[in-house]
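[1] what shape does this take:
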Amino acid sequence: MRIYAGVEEEWGDYDKARILLQSIPYDGTSTWGKGADQGFESFLDATDNMEVYDIETDSEVYKQGVHILDPIREDSSPEAVFETVYKKTQELLKTGKYLTFFGGEHSISIGVIKAFYEHHDNLSVLQIDAHADLRPEYHGSPYNHACAVFDASQNCNLVQVGIRSMDADEKQYVQEGNCFYAHEMWGHDRWMDESIARLTDKVYLTIDLDAFDPSILAATGTPEPGGMGWYETLKYLRRVFREKEVVGFDIVELAPEKAHKASNFLAAKLYYKLLSYQFEDGK
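    Below you'll find the predicted structure:
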C-alpha cells in the first residue's frame, strides 16, 4: 500500500484517515500536450520528498490521515470514464470523509462535480484555470476536457478565476459577473473580494494547473502565458477556505516532463496547502 508523503503507515490507514485521495489517471481527450495520465505518480514522488510541516499554518496536516485509494483506470471512452467516475464519487460521498481527487486531464472533473452538486444543495463550483472549458461538446463528446465545467455552468453557480483562453462560442455560457479574466486581475486584489462574494456557502474547488504561469509550472498540456503566481494563489485559496465551506477539490492536468520537475513539486505543495487550509485551526 502506498502511503501518502512517505510518513508512518498509521497515517494512511483507511479507517483512521479523515481524507481520501482518489486518482483518475485518464488522458484520453487531450488535444495538444499528452501525459496527464502520468501526473499522479510524479505528484506522489514529489510528495514523498516534501517537508510535512507547513510553516504558514503551523501544522502537520498529514496527521489527519490521508488514505490513497486504488486508481480509477477506466479509459475505454470519455462516456465510460464519466459514468465510472460519477458512480464512484457517489459512493465516496457516503463515507463522510473529506474527498480529494487528482487527474488526469480536466474531463475527469465532470463526473465528480455532478455527484457533488447532486449531494450538496446550493453548491458553487470554483474553477481556477487558464481555459473556460465551457464547450457543450468537443470532438463529438460532452465529456471532453474542453467541456470540463459546461455541465456545472448549467446546474449550479460557477465562478471562474484566471481565465485567459476561450473560444468565442463559449462566451454565451459564462455566468454574468462570475468570470474573472486574468488580464483584469493583474495588479490588484479586488478580484479576490469580488469572486468570493459570488460564491455560495458551500464550494467545490477544481484547479487546472495551467492556471499557473508557465514560468512556475510548465509541465501541463496547454500552458498559457500570463498565468497566476504562487503567493497570490495561496492568499486567495486561504481566504476561500476560511470564508466558505470547501466540501472537496480536485487538481488536474499535471503532465510531467523530465526538464520540469519543479512542476511536480508545485502540485505536491499545492495539494498539501489545500489540506492545511481545510483543517486549519483544528477544523
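
[2] look up how far Ser76 lies from the nearest residue to Asp213 once chain neighbours are set aside.
    Closest residue to Asp213 apart from its sequence neighbours, by CB to CB, 6 or more residues apart in numbering: Gly227 at 3.5 Å. Yep, even glycine has a C-beta here, placed from its N, CA and C like the rest. Going from Gly227 to Ser76 by CB to CB, to the nearest Å gives 33 Å.

[3] any low-confidence regions in the chain?
    32-33, 283 (pLDDT under 70).

[4] change it to 90
    Regions of the chain meeting the criterion pLDDT under 90 cover residues 1, 28-35, 259, 281-283.

[5] the strands in it, which residues?
    For the chain, applying DSSP state E gives strands covering 19-24, 66-68, 98-103, 123-128, 157-163, 179-181, 202-208, 245-252.

[6] returning to that earlier point: isn't the residue nearest to Asp213 up against His131?
    No - in this structure Gly227 lies outside contact range of His131 using CB atoms under 8 Å: 11.1 Å.

[7] and Leu217, how many neighbours?
    By the criterion of other CB atoms under 10 Å, Leu217 has 25 neighbours.

[8] backbone dihedrals for it, please?
    Backbone torsions of Leu217, given as degrees, to the nearest 10, read phi -150, psi 100.

[9] ok, and the closest non-adjacent residue to it?
    Ser263 (4.7 Å).

[10] now do Asp121
    Spatial nearest neighbour of Asp121, excluding adjacent residues (CB to CB, 6+ apart): Lys202 at 7.8 Å.

[11] do the same with Thr220
    Asp210 (4.5 Å).

[12] quick check, the one you found in contact with His131.
    Yes - using CB under 8 Å, Asp210 is in contact with His131, at 7.0 Å.

[13] ranges for the helices of the stretch 51-200 of the chain?
    Using DSSP state H, counting those that start in this stretch, the helices of the stretch 51-200 of the chain run over residues 78-93, 108-119, 150-155, 182-185, 190-197.

[14] would JSON lines of those with mean neighbour count be doable?
    Shown next, in JSON lines, are the helices of the stretch 51-200 of the chain (neighbours: other CB atoms under 10 Å):
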{"stretch": "helix 78-93", "mean neighbour count": "18"}
{"stretch": "helix 108-119", "mean neighbour count": "24"}
{"stretch": "helix 150-155", "mean neighbour count": "20"}
{"stretch": "helix 182-185", "mean neighbour count": "16"}
{"stretch": "helix 190-197", "mean neighbour count": "15"}
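
[15] any common contacting residues for Asp210 and His131?
    Here Asp210 and His131 have 222, 224 as joint contacts, going by CB atoms under 8 Å, 6 or more residues apart in numbering.

[16] between those two, point out the one with more neighbours.
    Asp210 (30 against 26).

[17] for that one, give me its contacts.
    Taking CB under 8 Å, 6+ apart as the test, what Asp210 contacts is 129-131, 217, 220-224, 227, 253.

[18] the same query, at a cut-off of 7 Å, please.
    Going by CB atoms under 7 Å, 6 or more residues apart in numbering, Asp210 touches 129-131, 220, 222-224, 253.

[19] likewise for Tyr53?
    By CB under 7 Å, 6+ apart, the contact list for Tyr53 reads Glu60.

[20] hang on, the earlier thing: isn't the residue nearest to Asp121 right up against Glu245?
    Yes - between Lys202 and Glu245 there is a contact under CB atoms under 7 Å: 5.0 Å.

[21] which one's more surrounded, these two?
    Lys202 (20 against 14).

[22] so in terms of bridging, what pairs with that one?
    Leu123, Glu245 (DSSP bridges).

[23] and for the one 5 residues further on?
    Bridge pairing for Ile207 (DSSP bridges) gives the partners Ile128, Ile251.

[24] the residue nearest to Asp213 and Arg190, how far apart?
    The separation that Gly227 has from Arg190, given CB to CB, amounts to 19 Å.
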